[in-house]
Every structure is written in structure tokens, then in C-alpha cells.
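Participant: let's see this in three dimensions:
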Amino acid sequence: MTLVSFNRNFEDFSSLSNLVLPRMIEWFEGNKLVLNLEKTNIIKFVTVNPPLYTLTTGYKDKYIKQIVYTNLLGLQLDSHLTQKDHIDQIFPN
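Facilitator: Numbering: from 1, shown residues only. Here you go, the predicted model:
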């Protein structure tokens, strides 16, 4: 499952991510599913020179690990939305 959220203001985005997570967990539980926070990651897509803020999102003393690159639908993306890792994977040196 992939959740995409957007906000130009980091503080608002951080607050929103911490409001959405408990609702997602409730939805999963209501549908007899479990969201494994240990296997869940969060990636913050940013512009070229972003301020250095760390996104802390969690639920009941369990926090989601922030990553800098991900594999989304077979495409490797980094937090700057470049495809360098994907190209390096296809055409190794």
C-alpha cells in the first residue's frame, strides 16, 4: 500500500502524517488487517536544497523508519525524485 501526502509547510505535513497514521491503523484493524510498522517506511520527497528536517511519524511508541530511496512499482526513486539509482541498477558500471 502506498499513501501519498503533500504540504509545503513541514510542520503541517508532520502533524498531518501523525494524524493520518492512527486512522490508517484503525482502518486496517476494521478490515481484519494489520499494519506492520516495523516493515513500514516513510520517504520525504524534497526539492534540491531542502531544509534539514527529520520527519518523525509513529504510533504508540513505534516509529516509522525514514528512508532516502524506495522502489515504487518497479522504479527506484530517491528523495529528490531522481532516477539515478534506477538507471544504475539497469546499467551497472
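Participant: from the contact counts, what lies against the top helix by length along the chain?
Facilitator: Looking across the chain with DSSP state H, the single longest helix is helix 10-30. In terms of contacts (3 or more CB pairs under 8 Å, 6 or more residues apart in numbering; DSSP states H and E), helix 10-30 is packed against strand 58-59. Backbone N, C-alpha and C define where each C-beta goes, glycine included.
Participant: partner strands of the helix or strand just after the strand it packs on and their direction?
Facilitator: Next along the chain after strand 58-59, taking DSSP states H and E as the criterion, comes strand 62-63. Strand 62-63 has the following strand partners under DSSP bridges: strand 58-59 (antiparallel).
Participant: quick one: contacts for the residue nearest the centre of the chain?
Facilitator: With distances taken as CA atoms, centre = their mean, the residue of the chain nearest its centroid is residue 42 (2.1 Å). Residues near residue 42 by CB atoms under 8 Å, 6 or more residues apart in numbering: 17, 55, 57, 64, 65, 66, 67.
Participant: tabulate those (TSV), appending neighbour count, distance to residue 23 and pLDDT.
Facilitator: Output for the contacts of residue 42, formatted as TSV (neighbours: other CB atoms under 10 Å; distance: CB to CB, whole Å; pLDDT from 0 to 100):
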residue	neighbour count	distance to residue 23	pLDDT
17	19	11	84
55	14	18	73
57	19	13	81
64	19	15	81
65	12	20	82
66	14	20	80
67	12	22	80
